[in-house]
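Asker: Next comes the sequence, and after it the predicted model I'd like to discuss.
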Amino acid sequence: MYSRATNYKKFGFSHFYTLTGPDVIKYQDKIDESPYVSDKSSYDSALEGIKSGKTNKFIQIITMQNHMPYDNWYFNNQFEQANVTENLNDYERGQINTYAKGVSITDQATIDFLNQLNAMDKPITVIFYGDHLPSSYQTAAADKNNTLALHQTDYFIWSNQASASAGVKLDASNTAYTSPNYFMEMAAEHMNAKVSPYLAFLTQTRTDIPALERLVIGAGGFDTDASTAYLDQNGNAIKRKALSKQAKNTLHDYKLIQYDMTAGKGYLNDTNFFTVK
């Protein structure tokens, strides 16, 4: 779960920067009365890491600026006047107003971050996404028909001007809806990079099942059909039993691969399955 220091080490990360260390993040500015480090500070720390040391790096950032709770942190919040939504209590409305202001600040910080990356003379690719909308949307969440929508967020894969893939966009017809497990494969396609058999398998999986995510979208607890959401390329939910025969076979193989990678004995590690060719 949240034993990140242990998990990231197992994933092979060489450093894990936090507020408390042992590797301490350099930039820790906060906005107004927010208790969280701003996204701008997170970006500044990333920029420092990009500029220093080795040329080839993989940097992952989990930001906190827009994490709950949302307790009227920001001064001069224009969204307090802009929110004319009906049938919300004052608490929920206030939470949403604070969240909206934070996201607005993040929008500008993200633009500035990408502009700075564009000015660098080394190729850089960014994958940007959020995991879900906040639980502040209590009224909307009360309607189970909204569960899927409340777990959908925007994402982008982008490369700076120094990259050969600058300006490249993947086919919108099969990337409008996806899931984070495919981002490695999609980034490789975006960059026209060499791939491993594993990434090639993910390409086939995304063709057969455009998006899948652990998420209860049905009533009645965790069963095989309700504990995972499957979407087609248009974002429509599909029951597992309604998947094509090809998709079911691919899903079966995917389960075996993930088991071997996580709880199994790692047979695939002794093959070239993860070797980029």
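Answerer: Thanks, I have the structure now.
Asker: separation between residue 160 and residue 130?
Answerer: Separation of residue 160 from residue 130 (C-beta to C-beta, to the nearest Å): 22 Å. Heads up, the C-betas are built off the backbone N, CA and C, glycines and all.
Asker: Let me fix that, I meant to ask about residue 94.
Answerer: Applying C-beta to C-beta, the value for residue 94 to residue 130 is 21 Å.
Asker: what about residue 160 and residue 130, which has more around it?
Answerer: Neighbours were counted for residue 160 and for residue 130 using other C-beta atoms under 10 Å; residue 160 has more, 20 against 14.
Asker: what's near enough to touch that one?
Answerer: Contact analysis of residue 160 by C-beta atoms under 8 Å, 6 or more residues apart in numbering lists 114, 117-118, 120, 123-125, 166.
Asker: The same query, at a cut-off of 7 Å, please.
Answerer: By C-beta atoms under 7 Å, 6 or more residues apart in numbering, residue 160 lies in contact with 117-118, 120, 123-124, 166.
Asker: How about exporting stretch 266-276 as PDB, limited to the C-alpha atoms?
Answerer: Once non-C-alpha atoms are left out, stretch 266-276 reads as follows in PDB (Å, rounded to 0.1, in the frame of the first residue of the first chain):
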ATOM      1  CA  GLY A 266       9.700 -14.700 -11.600                       C
ATOM      2  CA  TYR A 267      10.100 -17.200 -14.400                       C
ATOM      3  CA  LEU A 268      10.000 -14.400 -17.000                       C
ATOM      4  CA  ASN A 269      13.000 -12.700 -15.500                       C
ATOM      5  CA  ASP A 270      15.100 -15.600 -16.800                       C
ATOM      6  CA  THR A 271      13.900 -14.900 -20.400                       C
ATOM      7  CA  ASN A 272      14.200 -11.900 -22.800                       C
ATOM      8  CA  PHE A 273      10.600 -10.900 -22.100                       C
ATOM      9  CA  PHE A 274      11.600  -7.600 -20.600                       C
ATOM     10  CA  THR A 275      14.600  -7.000 -22.900                       C
ATOM     11  CA  VAL A 276      14.300  -4.000 -25.200                       C
END
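Asker: In it, which residues are buried?
Answerer: Neighbour-count burial for stretch 266-276, counted by 16 or more other C-beta atoms under 10 Å, picks out 268, 273.
Asker: for the stretch 101-250 of the chain, which spans come out with low pLDDT?
Answerer: Residues of the stretch 101-250 of the chain meeting the criterion pLDDT under 70: 215-226.
Asker: now do 80
Answerer: Within the stretch 101-250 of the chain, the ranges that satisfy pLDDT under 80 run 215-227.
Asker: hang on, the earlier thing: select from the contacts of residue 160 the one having the most neighbours.
Answerer: residue 117 (23 neighbours).
Asker: for it, what are its contacts?
Answerer: By C-beta under 7 Å, 6+ apart, the contact list for residue 117 reads 124, 160.
Asker: so which helix or strand takes in it?
Answerer: In this assignment (DSSP states H and E), residue 117 forms part of helix 90-118.
Asker: and if you look at residue 213?
Answerer: Counting by DSSP H and E, residue 213 is found in strand 211-214.
Asker: Can I get that strand in CSV, CA atoms only?
Answerer: Extracted in CSV, the C-alpha atoms of strand 211-214 (Å, rounded to 0.1, in the frame of the first residue of the first chain):
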residue,chain,number,x,y,z
ALA,A,211,-8.8,0.3,-20.8
LEU,A,212,-9.0,-1.8,-17.6
GLU,A,213,-8.8,-0.7,-14.0
ARG,A,214,-9.5,-2.1,-10.6
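Asker: pretty sure residue 136 contacts residue 92?
Answerer: Yes - with contact defined as C-beta atoms under 7 Å, residue 136 counts as touching residue 92 (6.4 Å).
Asker: ok, those two, which is more surrounded?
Answerer: Set residue 136 next to residue 92 and count neighbours by other C-beta under 10 Å: residue 136 wins out with 22 against 16.
Asker: Many thanks, we can stop here.
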